[in-house]
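Peer 1: Quick check, what structure comes out for this input:
(chains A and B)
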Amino acid sequence: MNLSKYLKVYTKFLHTSLASELEYKTNILIDLVTAILSLIGSIFLLSIFFQNSNTIGGWNFEQALIIQGIYTLLNGVANTWFNPNLTEIVKHIREGTLDFVLLKPIDSQFFISLKRISPSGFLEIMLGIGILLYCFKINQIHLNLSFLVLCLITIICSISILYSLWFFISTTTIWFVKTWNATEVLRSFLYVGRFPLNSFSFSLRIFFSIFIPIAFITTIPSEVFLGLTQLWKIFLEVIVTSVFVITSRKFWLFALKFYTSASS
Amino acid sequence: MRFNLINHKIFTLLKVQYSNMLEYRVEIALWAISGIIPFFMLNIWTNNNLNESISISEVMLSRYFLCAFFVRQFSVVWVAFSFEEDSLMGKVSPYLIQPLNPFFRYFAQHIAEQITRFPFALIIAFFFFIFNPESIWIPNFDILFLSILSTFLSFLIQFLIQSIIACLCFWTEKASSIERLLFIPTLFLSGLLAPVVSFPNYVKSWIYLTPFPYLIDFPANLLSGNETNISGGFGMQILWLLLLFPLFKKIWSEGTKKYTAMGS
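Peer 2: Residues are numbered from 1 along each chain as shown, chains lettered A, B, ... in the order given. From the prediction side, this is the model:
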């Protein structure tokens, strides 16, 4: 398990997948327009909510915009890495090509999660960062080093939780074979992450904190960005993240024991 | 005789596709679950008392979103994705030889899927009524008939638009990204996330000329008993169908002339 080998392999992954993706240049352009339109659409929706009301769940429009920024950033990450790779798992299992992955002298989770990259997600990441910078300005947030470190930690945590959730659901394919729309269910639930958790009723809030931890994915990071959060929430987030990452890893190794290849 | 033959064709196609779809019950159930976003939106609307500003009572709004869910369930279209896959895999060539436009096959697939989906949608509606018993209502027969008709017309409009996009596969290979682009305005402007009445005036002034409000907002308003212009809505739906159908025929005949089978 040496790091330099994995880095070297990863640069090779980057090279091959970028080369194949750039074959479809107009496709990337259309995806860029889609990302921009989708952002405009969700800000439009937010503005409808705020049309006749100053706060929603205790958040005003400028603060709610931060959640949009974080959501866009995370969606970009998901579209760049998670979506192209983890939907492949289903294909690997159905066609039995997972055999070839398992035979390689490299960690199978690493291979399966990072093999491909889709460059059109980059713009979404940049759009997300742009909105966050704009939000810093309109919310008059003062940047300093410790604040930036905290922001970075929470963002990394939410990306890890998102990845673990996605990977966990994709892993269940080993038993059920055709579950690629289970990730579609996850996607539609994650959609709720565009709005502050407090704007939902109490029972839904519980649901979105425990079963699908949207609270940890977008709401707590936004609170950190606004400087509203207490330190214990950040600790909690780190603990939840490690639980998620470790569980999904263990679950993958467990599931592999049940993999019997296709037509055998 | 000729009529009998067509009848026979339709019946056989439907029967085949229905038994095909029954194989994928779990998948379809998951699709149905992934459509419950309108309920989350309803929760934001009522939990923040946003419905007061657009003068729709809570009960009427919850009926609206339930109907929006139903209309969406029975007007989901994915023909662009199926056709793209088939055309990339070279399956379109044998279809083209048959004395039947391949889009009839996809059409039957969609109808069969809707029949399979119906019980799942009913179960979800049942749970919705358990949580919101005050919103139970029984629409009278005329309204029910008209709203089923308008949902079907909405499905036809979306099917035609997507078929036109699918035909672009003859030129670009990857038409699904155009479909994803077009899905964004459909998502935000059709009334799935917020009723069109709540839109700001600068949008309302032009939106009724586009096909979007007639996809979900119009049938959902009709079914839920909210105020809507019935004859105007149907008129616009039929007008859009009359515009789109010749366009589809044109692009189909141009495309098939352009078509070269994979590997030839």
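Peer 1: just checking, what packs against the helix or strand of chain A with the lowest mean pLDDT?
Peer 2: Every helix and strand of chain A was ranked by mean pLDDT, DSSP states H and E. The lowest is helix A:180-190, at a mean of 79. Contacts defined by 3 or more CB pairs under 8 Å, 6 or more residues apart in numbering or on different chains; DSSP states H and E place helix A:180-190 against helix A:83-95, helix A:145-171, helix B:25-33. The way it works is simple: take the backbone N, C-alpha and C, and place the C-beta from them, glycine included.
Peer 1: now the helix or strand that comes right after the second one: mean pLDDT?
Peer 2: Once helix A:145-171 ends, the next helix or strand along the chain (criterion: DSSP states H and E) is helix A:173-176. Along helix A:173-176, the predicted local confidence has a mean pLDDT of 81.
Peer 1: buried stuff in helix A:173-176?
Peer 2: Going by neighbour count (16 or more other CB atoms under 10 Å in any protein chain shown), the buried part of helix A:173-176 is A:T173, A:I174.
Peer 1: do stretch B:205-225 as well
Peer 2: Result for stretch B:205-225 [16+ other CB under 10 Å]: buried residues B:207-208, B:211-225.
Peer 1: A:V101 is in contact with A:S108, isn't it?
Peer 2: Yes: between A:V101 and A:S108 there is a contact under CB atoms under 8 Å: 5.4 Å.
Peer 1: For B:L14, see how far away the residue in chain A that chain B sits nearest to is.
Peer 2: Distances between chain A and chain B by CB to the nearest CB are smallest at A:N52, namely 3.3 Å. In this view, A:N52 and B:L14 are 48 Å apart by CB to CB, to the nearest Å.
Peer 1: Please identify which of those two sits among more neighbours.
Peer 2: Ranked by neighbour count (other CB atoms under 10 Å in any protein chain shown), A:N52 and B:L14 place B:L14 first, with 16 against 12.
Peer 1: contacting residues around the more buried one?
Peer 2: B:A108, B:I111, B:A112 (CB atoms under 8 Å, 6 or more residues apart in numbering or on different chains).
Peer 1: residue ranges for the helices of the chain, please.
Peer 2: You didn't pick a chain, so chain A it is. A:3-21, A:25-49, A:61-77, A:83-95, A:98-103, A:108-114, A:120-138, A:145-171, A:173-176, A:180-190, A:202-210, A:214, A:220-226, A:231-256 (DSSP state H).
Peer 1: wait, chain B
Peer 2: B:2-22, B:25-33, B:37-47, B:58-73, B:79-89, B:92-97, B:102-131, B:141-167, B:169-172, B:176-189, B:201-207, B:217-224, B:230-258.
Peer 1: picking that back up, buried subset of the contacts of B:L14?
Peer 2: Using 16+ other CB under 10 Å, the buried ones in the contacts of B:L14 are B:A108, B:I111, B:A112.
Peer 1: Can you give me every residue that contacts the nearest residue in space to the first one that is not next to it in sequence?
Peer 2: I take that to be B:A108. In this structure, B:A108 finds its nearest non-sequential neighbour in B:L13, 3.9 Å apart by CB to CB, 6 or more residues apart in numbering or on different chains. B:L13 is in contact with B:F104, B:R105, B:A108, counting by CB under 8 Å, 6+ apart.
Peer 1: How about B:I10?
Peer 2: B:I10 touches B:F104, B:A108, counting by CB under 8 Å, 6+ apart.
Peer 1: low pLDDT regions in the stretch 1-150 of chain A?
Peer 2: In the predicted model of the stretch 1-150 of chain A, residues A:1 satisfy pLDDT under 70.
Peer 1: cool, and chain B?
Peer 2: For chain B, the stretches flagged by pLDDT under 70 are B:1-3, B:173, B:261-264.
Peer 1: centroid residue for it?
Peer 2: With distances taken as CA atoms, centre = their mean, the residue of chain B nearest its centroid is B:S75 (2.0 Å).
Peer 1: Next, count neighbours for the residue in the stretch 51-200 of chain B positioned nearest to chain A.
Peer 2: Nearest to chain A in the stretch 51-200 of chain B, going by CB to the nearest CB, is B:S53, at a distance of 3.3 Å. Using other CB under 10 Å, B:S53 has 11 neighbouring residues.
Peer 1: Without its sequence neighbours, what residue ends up closest to it?
Peer 2: A:N52 (3.3 Å).
Peer 1: Now that neighbour: phi and psi?
Peer 2: phi -120, psi 20 (degrees, to the nearest 10).
Peer 1: need the contact list for it.
Peer 2: When contacts are counted by CB under 8 Å, 6+ apart, A:N52 touches B:L50, B:E52, B:S53, B:I54.
Peer 1: Most neighbours out of these, which is it?
Peer 2: Neighbour counts for the contacts of A:N52 (other CB under 10 Å) peak at B:L50, which has 22 neighbours.
Peer 1: A:F50 is in contact with that residue, correct?
Peer 2: No: counting by CB under 8 Å, B:L50 sits too far from A:F50 to count as a contact (9.1 Å).
Peer 1: Spit out the residues that contact these two alike.
Peer 2: Residues touching both B:L50 and A:F50 (CB under 8 Å, 6+ apart) are A:I56.
Peer 1: any idea how far B:R180 is from B:E85?
Peer 2: Using CB to CB, B:R180 is found at 15 Å from B:E85.
Peer 1: The two: which is more packed in?
Peer 2: The residue with more neighbours, out of B:R180 and B:E85, is B:R180; 16 against 12, by other CB under 10 Å.
Peer 1: Leaving out chain neighbours, which residue sits closest to that one?
Peer 2: In space, B:R180 is closest to A:T34, 5.5 Å off (CB to CB, 6+ apart).
Peer 1: Was I right to think that neighbour contacts B:S177?
Peer 2: Yes: A:T34 is within contact range of B:S177, at 7.3 Å (criterion: CB under 8 Å).
Peer 1: For the helices and strands packed on helix A:180-190, give me CSV that also has distance to B:I148 and mean neighbour count.
Peer 2: Listed next are those as CSV, based on distance: least, CB to CB, whole Å; neighbours: other CB atoms under 10 Å in any protein chain shown:
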stretch, distance to B:I148, mean neighbour count
helix A:83-95, 35, 18
helix A:145-171, 35, 18
helix B:25-33, 18, 18
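Peer 1: Just send those helices back as JSON lines, with distance to B:I6 too.
Peer 2: Below are those laid out as JSON lines (distance: least, CB to CB, whole Å):
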{"stretch": "helix A:83-95", "distance to B:I6": "36"}
{"stretch": "helix A:145-171", "distance to B:I6": "44"}
{"stretch": "helix B:25-33", "distance to B:I6": "28"}
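Peer 1: Tell me the pLDDT of A:S170.
Peer 2: Reported pLDDT for A:S170: 86.
Peer 1: what does the stretch 51-200 of chain B have sitting close to chain A?
Peer 2: Proximity of the stretch 51-200 of chain B to chain A, by CB under 8 Å from any CB of the partner chain, involves residues B:52-54, B:172-174, B:177-178, B:180-181, B:184-185, B:187-188, B:193-194, B:198-200.
Peer 1: Filter the residues you listed down to the buried ones, ChimeraX style.
Peer 2: In ChimeraX syntax, the buried subset of those is picked out as below (16+ other CB under 10 Å):
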select /B:54,174,177,178,180,181,184,185,187,188,193,194,198,199
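Peer 1: Now do the closest residue to B:N132 other than its chain neighbours against B:L42, distance only.
Peer 2: By the measure of CB to CB, 6+ apart, the closest residue to B:N132 outside its immediate chain neighbours is B:S62, 5.3 Å from it. Distance of B:S62 to B:L42, given as CB to CB: 6 Å.
Peer 1: Kindly report the same for B:F234.
Peer 2: From B:F234 to B:L42 the distance is 26 Å (CB to CB).
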